[in-house]
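*Asks:* Output the structure for:
(one chain, ligands or ions: 1)
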Amino acid sequence: MKLVIAQMKHETNTFSPVPTPLARFARGGGVPPEGDAAVVAYRGTGSAIAAFIDLAERAGARFTVPIAASAAPSGPGDDPADQHIAGRIVEAVAAGCDAVLLDLHGAMVTRRFDDGEGELLRRIRAVAPQVPIGVALDMHTNLYDAMGEHASVIAGYQTYPHVDVYETGLRAGRATLAQLAGRARPTMAWGRQPMLPHVMRQGSDDSPNRELQARCREMEAQGALCASMFVGFPNADIEFAGLSAVVVTDGDAALARRWCDELLERAWSARAQFVYTPEPLERSIARAQVLAAARPADSGPIVLLDHCDNCASGGTMDTMTVLGAMLDAGLRDAAAFAIFDPQAVQQLIAAGVGAQVSLPLGGKLDMPSLQLKGAPRVVSGRVRLIADGRYHNVGPMARGELQTMGPTVVLDSGGIEIVVISNHVEPHDLAAFTAAGIAPQHKTFVMLKSRVHWRAGLKSLAHAVVECNGSGVCTSDYAALSHRRVRRPIHPLDPL
Ligand SMILES: [Zn+2]
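*Replies:* Numbers count the residues shown, from 1 in each chain. Predicted structure coming up:
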C-alpha cells in the first residue's frame, strides 16, 4: 500500500492587502518543506498531516510527502505559489499511489481560482480517477461542489479555537483507509445555506455553534463516518462564502442526505445568533478600566481583544486604533501582542537594548478594498528586548508546531510593553509571550490581536475579556467589506 500525504493550507481574505507569495507557505521563509523535511517538520505535532503520517506508519504503508505548505491568512495566493504547491502534489499522485490524504484549509482563493482546493482535487482526479482521496478541512471552509464531487471523504474540525486538528486528520484518514481496505463504502452528502456567520460569533464554546458541533459528534457516534458543520469564512468575496455541511456515511446515501439537511436546517434556525454587534471603542476602553479597578490583585489580566485586526483572519496586524486608545487612556501595567512592523523592528534593533526611542509605529499598510490608508502612530519608549522570534507552541492549539515571528522587539512605552514583530503570528499560545520575555498572567491589561483562537492557550489566564472594535481589514462591519461577488441574497446582508 502506497499513500500520498500532503498539506496545502491557506485561509484567504480577499479584502486583505497582505501578499501571499510561496515563501509565506514555508515557516521561516524559503520554500515549503518536502519529503523527509516535511515529515520532520510535522511528525508529533497537533496537525492533520501528523495524524496521516501516524496512520500510515501504524498501517505499515509506504508513503511520500511531496509538500507540506501552510501560510498564515492573507490576500489571494500568487499563481507561482499555487502552481508550485498543487504541481508537487499532482506529480506525486501521477507517479502512482493507492490513496491520497490531504491536509487542506477549504477557504483558499488564488488569483485564478476562487476554490483553490476544488481545483487541486480536480487536477488530482484527472490523473487518478479511482483513487480514494481523504481530506481534512478547517471549520472556516467555504465549500464548493468540486470539493464534494472529487473527494471520497471530507472531515472538518469540530472545535473553534481549533484544538482537534489532529483528531480531524484521524477521522478523515481512518475512513479513507477503511475504504481502501474494503471495510467501508464512504458516501457523501453536502450542502450550503445562504448565510455568513460572523467570525466573532463562531466560537464552539458559544451557542449556537456549540450545539451544532455536538450534533456532528453525535451523528458520528450514531454511525456517520464523518459529520462536519462548516461555519465558513465571511471575509472572502467569492460566490460560495458561508456556511455549509458535509456528512459521510457507510454506503447509506439517504441517511447522509438526511443528516446533512438536518445540520443545515439547525444552522439556519440559529442564524440570528451568528450576527455580531460591536460596541464603540471608547465604551470598551472605559469598561476595561472599571473591570481592572474592581478585580482582586493578581487575578489575571483584562484582555482587550483587537478583533478587527486579527492576522489569522487576514488582518494587517499593524492598525494602531486599539493600541492608540490604550495609550491615550494612559493604561499601565499592560502588554500588547503584537504590531507587525518589520521596518520599525530594524530601527529598534539598530537603536539597541536600553535605548530610548521615538518612532512611527504600525500603519505601514494601506487597505485599498476598505478605502483605508495606513495610519502610523508615533510611540516613544525604551527598547526592552530583542529576540529571533522563534518558538514552538506548547498547545493545546497547533501543539509542537514551529512559529516564526521573525526578528522581534519589545518596546516599553512606560505603561505598555509592545511586542513588535516581522512575521504575522496570531497570539493563541503562551509561548508567544514567553518568547518575548513577558508573563501576561501578571499584567493588568493584555491587548491581543485575535478573535477566537486566543482562547485556546490564553483564556484560562484572563480575569475578563473586553472586545474592542478598532479599524482593520477584518472589520466587524460587513457593509464596509462591500461583498460584490458572493451569491445574493444572503443573511445578514439581505432581508430573507
Ligand atoms: Zn479556521
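
*Asks:* Just give the number of residues close to V383.
*Replies:* 21 (other C-beta atoms under 10 Å). Glycine gets a C-beta too; all of them are placed from N, C-alpha and C.

*Asks:* Give the next helix or strand downstream of the helix or strand it falls within.
*Replies:* Using DSSP states H and E, V383 sits within strand 377-387. Where DSSP H and E defines the elements, the next helix or strand beyond strand 377-387 is strand 390-392.

*Asks:* partners of that following strand in the sheet?
*Replies:* Sheet pairing here is set by DSSP bridges, and for strand 390-392 it gives strand 402-404 (antiparallel).

*Asks:* Give the buried residues for the helix or strand just after the partner strand.
*Replies:* Under the assignment DSSP H and E, the closest C-terminal helix or strand after strand 402-404 is strand 408-412. Within strand 408-412, the residues that count as buried by 16 or more other C-beta atoms under 10 Å are T408, V409, V410, L411.

*Asks:* helix, strand or coil for the closest residue to the ion within the stretch 151-300 of the chain?
*Replies:* Per C-beta to the ion, H162 is where the stretch 151-300 of the chain lies closest to the ion, at 5.6 Å. Under DSSP: H, G, I helix; E, B strand; the rest coil, the three-state class of H162 is coil.

*Asks:* residue contacts, it?
*Replies:* H162 makes contact with D138, M139, M397, A398, H453, A456, according to C-beta atoms under 8 Å, 6 or more residues apart in numbering.

*Asks:* The fourth one - nearest residue in space that isn't next to it in sequence?
*Replies:* Right, the one you point to is A398. G46 (5.6 Å; C-beta to C-beta, 6 or more residues apart in numbering).

*Asks:* Now the strand holding V383: average pLDDT?
*Replies:* For strand 377-387, mean pLDDT is 98.

*Asks:* coming back round to it: out of the contacts of H162, flag the one nearest to the ion.
*Replies:* Nearest to the ion among the contacts of H162: D138, at 4.1 Å, using C-beta to the ion.

*Asks:* Can you report how many residues lie near that closest one?
*Replies:* When neighbours are counted by other C-beta under 10 Å, D138 registers 24.

*Asks:* so it makes contact with E11?
*Replies:* Yes. If you go by C-beta atoms under 8 Å, D138 and E11 touch, sitting 6.7 Å apart.

*Asks:* Correct me if wrong: M195 contacts A267.
*Replies:* Yes. Counting by C-beta under 8 Å, A267 is a contact partner of M195 at 7.2 Å.

*Asks:* what residues are shared contacts of those two?
*Replies:* Common neighbours of M195 and A267, counting by C-beta under 8 Å, 6+ apart, are L243.

*Asks:* how near is G324 to the ion?
*Replies:* For G324, the distance to the ion equals 28 Å [C-beta to the ion, to the nearest Å].

*Asks:* helix/strand/coil for that residue?
*Replies:* Look at G324: counting by three-state DSSP, its state is helix.

*Asks:* Tell me where the stretch 1-150 of the chain has strands.
*Replies:* Along the stretch 1-150 of the chain, counting by DSSP state E, counting those that start in this stretch, strands occupy 2-9, 62-64, 68-70, 99-104, 133-137.

*Asks:* just checking, what packs against the first one?
*Replies:* In this case it means strand 2-9. Here strand 2-9 touches helix 48-58, strand 62-64, strand 68-70, helix 79-94, strand 99-104, helix 116-127, going by 3 or more C-beta pairs under 8 Å, 6 or more residues apart in numbering; DSSP states H and E.

*Asks:* so how far is that strand from its chain's centroid?
*Replies:* 19 Å (C-alpha atoms, centre = their mean, to the nearest Å).

*Asks:* for the stretch 1-150 of the chain, which spans come out with low pLDDT?
*Replies:* Applying pLDDT under 70 to the stretch 1-150 of the chain flags no residue at all.

*Asks:* Next to the ion, which bits of it? Give me the list.
*Replies:* Contacts of the stretch 1-150 of the chain with the ion, taken as C-beta under 5 Å from the ion, map to D138, H140.

*Asks:* Closest residue of the stretch 1-150 of the chain to the ion?
*Replies:* Across the stretch 1-150 of the chain, no residue is closer to the ion than H140, which sits at 3.7 Å (C-beta to the ion).

*Asks:* Skipping its backbone neighbours, what lies nearest that residue in space?
*Replies:* Nearest residue to H140, sequence neighbours excluded (C-beta to C-beta, 6+ apart): F233, at 4.1 Å.

*Asks:* Same check on E117?
*Replies:* Setting aside the residues directly before and after it, E117 is nearest to L104 in space (C-beta to C-beta, 6+ apart), at 4.8 Å.

*Asks:* what residues do D138 and E11 have in common as contacts?
*Replies:* Both D138 and E11 are contacted by H105, A107, under the criterion C-beta under 8 Å, 6+ apart.

*Asks:* sorry, back to before: for the residue nearest to H140, helix, strand, or coil?
*Replies:* Relying on three-state DSSP, one would call F233 coil.

*Asks:* what's near enough to touch the residue lying closest to S74 once chain neighbours are set aside?
*Replies:* Leaving aside its sequence neighbours, S74 sits nearest to V18 (C-beta to C-beta, 6+ apart; 3.8 Å). For V18, the contact set (C-beta under 8 Å, 6+ apart) comprises S74, G75, C311, G314, T316, L365, H424.

*Asks:* Can you tell me which of those comes closest to the ion?
*Replies:* G314 (11.5 Å).

*Asks:* where does the residue nearest to S74 fall, phi/psi-wise?
*Replies:* For V18, the backbone dihedrals are phi -70, psi 120 (criterion: degrees, to the nearest 10).

*Asks:* Name the surrounding residues that touch stretch 411-422.
*Replies:* The contact list for stretch 411-422 (C-beta under 8 Å, 6+ apart) reads 317, 323, 326-327, 330-342, 344-345, 348, 357, 361, 379-384, 389, 405-410, 433, 436, 438, 445, 447.

*Asks:* what do you get for stretch 55-69?
*Replies:* Contacts to stretch 55-69, defined as C-beta under 8 Å, 6+ apart, come from residues 1-9, 25-26, 32-35, 38-39, 41-42, 49, 52-53, 85, 88-89, 91-92, 97, 101, 103, 169-170, 173-174, 177.

*Asks:* Quick one: end-to-end length of it, please.
*Replies:* Distance across stretch 55-69, first residue to last, is 20 Å (C-alpha to C-alpha, to the nearest Å).

*Asks:* Of the contacts of stretch 55-69, grab the buried ones for PyMOL.
*Replies:* With 16+ other C-beta under 10 Å as the criterion, this PyMOL line picks the buried residues out of those:
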select buried, resi 3+4+5+6+7+8+9+25+26+32+33+34+38+39+41+42+49+52+53+85+88+89+92+97+101+103+169+170+173+174+177
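
*Asks:* in the chain, which spans are helices?
*Replies:* Listed in chain order, the helices of the chain (DSSP state H) span 35-42, 48-58, 79-94, 116-127, 145-150, 165-180, 209-221, 253-269, 281-294, 321-328, 342-351, 430-434, 454-458, 478-481.

*Asks:* Give me the residue at the spatial middle of this structure.
*Replies:* A312 (4.9 Å; C-alpha atoms, centre = their mean).

*Asks:* For burial, what's the neighbour tally of the residue nearest to A398?
*Replies:* By other C-beta under 10 Å, 22 other residues sit near G46.
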